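Participant: Predicted model follows, preceded by the sequence.
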Amino acid sequence: MRFKTFSLLITVLSVFVISTASAETHKQAAQAKIRCASTTSTQNSGLFDYLLPIFEKKTGIKVDVIAVGTGAAIEIGKRGDADVAFVHAKEQELKAVDEGWFVNRHDVMYNDFVIIGPSDDPAKIKGLKSAVEAFSKIAKSTFPFVSRGDNSGTHTKELSIWQKAGIDPKPHDIYDRNKDANYPSPIPLPQGEGARGRVKNGIFAARGERWYLETGQGMEKAQRIANEKRAYTLTDRGTWLATKDKDNLEMIIVLEGDSALFNQYGVMAVNHGKHTHVQYKEAMEFINWLISKEGQDAIASFKDKNGNQLFIPNAR
C-alpha cells in the first residue's frame, strides 16, 4: 500500500515538474520578440517580408517592425519604445550613439537614391550627372518637387543636396497673418485665389515656394503624390523598383549614379543601460545575424520580380 502511495506521489510530482517546465518554456517563447524601429524603405521594398521569416526560423525570435522615417525611428529608440533601430542616416545614427542612446552600431547594406520625375521630363533633368545641378534646375524652372518633409533618411539627404545647391526651399502654404505674423498656422485658401495667394481683406497671404510640396508621408506615398502632381522627387532605388509597377507610376528615373546619392543603412541596439526593460540579448542576436555571412547572403539574395538586387550587403 505504501509502495503504491509512493508511486502515485512520484507520478504526481513528475507531472507537476513537467507541466511547470512546459509552462516556463512557453513563457520564454512568448517573450522571444523584439521591436525594430525602421524606415519605410525597408518595409516598402519588401526586404523585411523576406528576411524576418529566415531569422525567426533560425532563432525563434519574432521581430515586430515599426516602419517610420529614420528621424522618428531614432526617437522611438531613444524613448525605449523599440529594442533595435535599422535606419539610413549615418550622421544621425552616430550622433545618437555618441549621446548614449544606442550601442553596437554596424553598417549593414547600401543602395542609392535616385531622382524620379514625369516620363516627359519637363525640367529636362535627364542627361545631367549631378544631383545638385538637377535640384538647381528644378528650382529655377519651378516645376513641382515633392519632399518627404518628415526628417527621414531620404529627407535628410534631400536637404543636404539643396544646401549644396545654395537653395533653401520653403513649403508652400496659406495662412491667416492676423493670427500670428511670425509663426502663421496654415488655413485653406478660399476658392478663386491666385497661385501666389493674393491678400484678401488683409487676411490671406502665401509663404514659401508654390512648386515645393511637403507630404509628411513615407516613401511610397510620396512617390504616388509626385505621380499625381507630375512632380519630381528623391527616392531610394529599393522602394522605386519594388513599387513603380504595383502603383502604376507614370514616372522615370531622370538622374542616378551621382556619388552624392549613396545610401548607407545601419543597425544599432537601444542602450539597455538607459532602458533596462529592452530585449537587449535578443536585439543583439538580430544584429549579429544581420552582419553575419548568413544574414549578408540573405540580403544579397533579395531581388525584385525582375531580378534586380535591391540592397548590397557591406557589414563591418
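Facilitator: Yes, it's here. Source: prediction; values computed, not measured. Numbers count the residues shown, from 1 in each chain.
Participant: Tell me where the stretch 1-150 of the chain has helices.
Facilitator: Taking DSSP state H, counting those that start in this stretch as the criterion, the stretch 1-150 of the chain contains helices spanning 2-31, 40-44, 47-59, 70-78, 90-98, 131-141.
Participant: Can you name the residues that contact residue 287?
Facilitator: Taking Cβ atoms under 8 Å, 6 or more residues apart in numbering, we find residue 287 in contact with 84, 104, 106, 267-269. All C-beta spots, glycine's among them, are computed from the backbone N, C-alpha and C.
Participant: can you put these in TSV and add pLDDT, distance to residue 224 and neighbour count?
Facilitator: TSV is the format used below for the contacts of residue 287 (pLDDT from 0 to 100; distance: Cβ to Cβ, whole Å; neighbours: other Cβ atoms under 10 Å):
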residue	pLDDT	distance to residue 224	neighbour count
84	98	29	28
104	98	36	16
106	98	33	15
267	98	28	26
268	98	31	24
269	98	34	26
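Participant: Filter these down to just the ones in strands.
Facilitator: If you go by DSSP state E, the contacts of residue 287 have 84, 104, 106, 267-269 in strands.
Participant: Going along the chain, name the helices of the stretch 151-300 of the chain.
Facilitator: 153-165, 219-229, 237-243, 280-291, 293-301.
Participant: Just name the most buried of these.
Facilitator: helix 237-243 (a mean of 24; mean count of other Cβ atoms under 10 Å).
Participant: Check the offset of it from the chain's centre.
Facilitator: Averaging C-alpha positions (Cα atoms, centre = their mean, to the nearest Å) puts helix 237-243 13 Å from its chain's average.
Participant: out of the helices of the stretch 151-300 of the chain, which comes closest to residue 97?
Facilitator: Proximity to residue 97 (Cβ to Cβ) singles out helix 280-291 among the helices of the stretch 151-300 of the chain, at 13.0 Å.
Participant: State the distance from the closest residue to residue 220 other than its chain neighbours to residue 271.
Facilitator: Among residues not flanking residue 220 along the chain, residue 44 sits closest, at 4.5 Å (Cβ to Cβ, 6 or more residues apart in numbering). Using Cβ to Cβ, to the nearest Å, we find residue 44 at a distance of 28 Å from residue 271.
Participant: domain assignment for this protein?
Facilitator: Here the domain parsing of the chain from automatic domain parsing is 32-111+264-313, 113-262.
Participant: tell me the most buried of the ones you listed?
Facilitator: Counting by mean count of other Cβ under 10 Å, domain 32-111+264-313 has the highest mean neighbour count of those, with a mean of 19.
Participant: okay, how far is it across it, tip to tip?
Facilitator: This stretch, domain 32-111+264-313, spans 26 Å end to end (Cα to Cα, to the nearest Å).
Participant: repeat for stretch 74-82
Facilitator: 9 Å.
Participant: now stretch 70-88
Facilitator: Stretch 70-88 end-to-end distance (Cα to Cα) = 6 Å.
Participant: Dump the helices of the stretch 151-300 of the chain to CSV, plus distance to residue 51.
Facilitator: Shown next, in CSV, are those (distance: least, Cβ to Cβ, whole Å):
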stretch, distance to residue 51
helix 153-165, 18
helix 219-229, 18
helix 237-243, 13
helix 280-291, 8
helix 293-301, 6
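Participant: Out of those helices, which is closest to residue 64?
Facilitator: Here helix 280-291 is closest among these (Cβ to Cβ), at 11.5 Å.
Participant: quick one, the closest one and helix 47-59 angle?
Facilitator: Between helix 280-291 and helix 47-59, the angle comes out at 110 degrees (axes from the mean of the first three to the mean of the last three Cα atoms, to 10 degrees).
Participant: Could you give the average pLDDT over helix 280-291?
Facilitator: For helix 280-291, mean pLDDT is 98.
Participant: by how many degrees do that helix and helix 293-301 diverge?
Facilitator: 60 degrees.
Participant: For the spatially most central residue of the chain, which residues are in contact?
Facilitator: Nearest to the mean C-alpha position of the chain, by Cα atoms, centre = their mean, lies residue 39 at 1.6 Å. Counting by Cβ under 8 Å, 6+ apart, residue 39 touches 67-70, 73, 86-88, 152-153, 265.
Participant: Distance-wise, check residue 291 relative to residue 105.
Facilitator: Note on residue 291: its distance to residue 105, by Cβ to Cβ, is 11 Å.
Participant: who touches both of these two?
Facilitator: With Cβ under 8 Å, 6+ apart, residue 291 and residue 105 have common neighbours residue 267.
Participant: Which helix or strand in this structure has the lowest average pLDDT?
Facilitator: strand 204-207 (a mean of 40; mean pLDDT, DSSP states H and E).
Participant: ok so, going back, need the contacts of residue 287 in JSON lines (columns: distance to residue 48).
Facilitator: Formatted as JSON lines, the contacts of residue 287 follow (distance: Cβ to Cβ, whole Å):
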{"residue": "84", "distance to residue 48": "12"}
{"residue": "104", "distance to residue 48": "20"}
{"residue": "106", "distance to residue 48": "17"}
{"residue": "267", "distance to residue 48": "12"}
{"residue": "268", "distance to residue 48": "17"}
{"residue": "269", "distance to residue 48": "18"}
